[in-house]
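Participant: I need the structure of the sequence given here:
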Amino acid sequence: MAGVGKLNIGNEPLISVVMTVYNGVPHLKPAIDSILNQTYTNLEFIIIDDGSTDSTFETIQEIARGDRRLKFFRESRVGRARALNLALSKASGKYVAIQDADDLSAPERLQMELGFLEAHPEYGMVGGQYEVRDIVKNEVEITELPTEHELLCRALTKGQCFCHPSILFRKRILDQIGGYDVNKKFLLDRDIFIRVARVSKVANLQERLVTVLHHPNRFFFFGFSSRRREIHHNWMRMVAIWKLGFSKHNLLQPIFGLIFAFFPHRFRLSVPRPMRKIIRNIIYPDNLTTKKVISTKK
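Facilitator: Residues are numbered from 1 along each chain as shown. All right, here's what the predicted structure looks like:
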């Protein structure tokens, strides 16, 4: 789904881009530059340094000297959700874009997303396609996400179907739902997608707008054990089924997945491989996304 509407250019920034960062060096500067070099320029860029102990704050200060659109604040390790909500409280734009400190936005990302939301007032948020660049394995994974509201709601009951650092929100929708849940340390992005989808339509554009860097310090990939990820994943599937109004019999799969997550790893390995595959296919059906891995090794 794609669309470019009439853009409202005024004295006040129409888009507030928000970023939280903790020890972001060495990926921080390219991530910031990817926003400051957008084709759409009527924006403010709010960065919350969440208690970094490296040279993150000094890097932000240096970049800010050359661009007055960048506003930065230093906190003492309040956590991701609180830092995001703090950034939202300082945002003055009609729209709020998410930018992570180790990802790259395509130059036309904001202009395309803004055009869509301006042309479709019934939508509360829009994202885009993305690729994951694994700097450890030297591979690129291209992910194709659903684009239509109905398919995205169904996909939320199965897994992740949005790329958080590709999202442009309508700020009044974020205000309506109360921002991010400060009690969540994992999958807080999927939680807010579900809550937005409950009160407005949601979409993804067909264009690839973000490059996500997969590196050893990335919290999403390495901050939790596989069992804890599995528990949170199935819990959020149950939340999506309940809040988005799907039939309650759909709860059986994530409930089974939640129970299976507590089984000792040794017990899982004792199950014959063909049976493990059958169980996994039952618990984790296709979530409507497709992935293709391209090796860049020479």
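Participant: ok, D134 - contacts?
Facilitator: Counting by CB atoms under 8 Å, 6 or more residues apart in numbering, D134 makes contact with 140-141, 214. Where you see a C-beta, it was placed from the backbone N, CA and C, and this is true even at glycine.
Participant: redo those as TSV? Include pLDDT, secondary structure and distance to S16.
Facilitator: Converted to TSV, these look like this (pLDDT from 0 to 100; DSSP: H, G, I helix; E, B strand; the rest coil; distance: CB to CB, whole Å):
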residue	pLDDT	secondary structure	distance to S16
V140	91	strand	30
E141	90	strand	30
H214	81	strand	27
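Participant: ok, the spatially most central residue of the chain to E113 distance?
Facilitator: Central residue of the chain (CA atoms, centre = their mean): H164, 1.3 Å from the mean position. Noted for H164: a distance of 13 Å to E113, by CB to CB, to the nearest Å.
Participant: coming back round to it: from the contacts of D134, pick the one nearest G245.
Facilitator: E141 (32.0 Å; CB to CB).
Participant: contacting residues around the closest one?
Facilitator: 131-132, 134, 291-294.
Participant: and the two most separated of these?
Facilitator: D134 and K292 (13.3 Å).
Participant: for R82, which non-adjacent residue is closest in space?
Facilitator: Nearest residue to R82, sequence neighbours excluded (CB to CB, 6 or more residues apart in numbering): V182, at 5.2 Å.
Participant: tell me if the one you found really is in a strand.
Facilitator: No - counting by DSSP: H, G, I helix; E, B strand; the rest coil, V182 is not part of a strand but coil.
Participant: for it, grab phi and psi.
Facilitator: Dihedral angles of V182 (phi, psi; degrees, to the nearest 10) stand at phi -70, psi -10.
Participant: roughly how far does it sit from G79?
Facilitator: Distance from V182 to G79, by CB to CB: 7 Å.
Participant: show me how far stretch 167-185 is from its chain's centre.
Facilitator: Distance of stretch 167-185 from its chain centroid, counting by CA atoms, centre = their mean, to the nearest Å, is 12 Å.
Participant: buried residues in it?
Facilitator: 167-171, 173-174, 177, 179-180, 182, 184 (16 or more other CB atoms under 10 Å).
Participant: and that stretch, what's its mean pLDDT?
Facilitator: Per-region confidence: stretch 167-185 scores 96 on mean pLDDT.
Participant: could you export that stretch as CSV, CA atoms only?
Facilitator: C-alpha atoms of stretch 167-185 as CSV (Å, rounded to 0.1, in the frame of the first residue of the first chain):
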residue,chain,number,x,y,z
ILE,A,167,6.8,3.8,12.1
LEU,A,168,5.1,7.2,11.7
PHE,A,169,2.3,7.7,14.2
ARG,A,170,-0.5,10.3,14.3
LYS,A,171,0.3,12.0,17.7
ARG,A,172,-3.3,12.4,18.8
ILE,A,173,-3.6,8.6,18.6
LEU,A,174,-0.5,8.2,20.9
ASP,A,175,-2.0,10.7,23.3
GLN,A,176,-5.3,8.8,23.2
ILE,A,177,-3.8,5.5,24.2
GLY,A,178,-1.4,7.0,26.7
GLY,A,179,1.9,6.3,24.9
TYR,A,180,4.2,3.4,25.7
ASP,A,181,3.6,1.0,28.6
VAL,A,182,6.3,1.7,31.1
ASN,A,183,5.8,-1.8,32.7
LYS,A,184,7.0,-3.5,29.5
LYS,A,185,10.7,-4.1,28.9
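Participant: what sits up against it?
Facilitator: Contact with stretch 167-185 is made by 15-16, 79-82, 84-85, 88, 91, 93-98, 110, 113-114, 117, 123-127, 188, 191-192, 195-196, 199-200, as judged by CB under 8 Å, 6+ apart.
Participant: which of these count as buried?
Facilitator: Buried residues within these, counting neighbours by 16+ other CB under 10 Å: 15-16, 79-82, 84-85, 88, 91, 93-98, 110, 113-114, 117, 123-127, 188, 191-192, 195-196, 200.
Participant: in helices only, show me the residues you listed.
Facilitator: 80-82, 84-85, 88, 110, 113-114, 117, 188, 191-192, 195-196 (DSSP state H).
Participant: so which of these is the closest to R74?
Facilitator: The closest of these, once distances to R74 are taken by CB to CB, is R82, at 13.8 Å.
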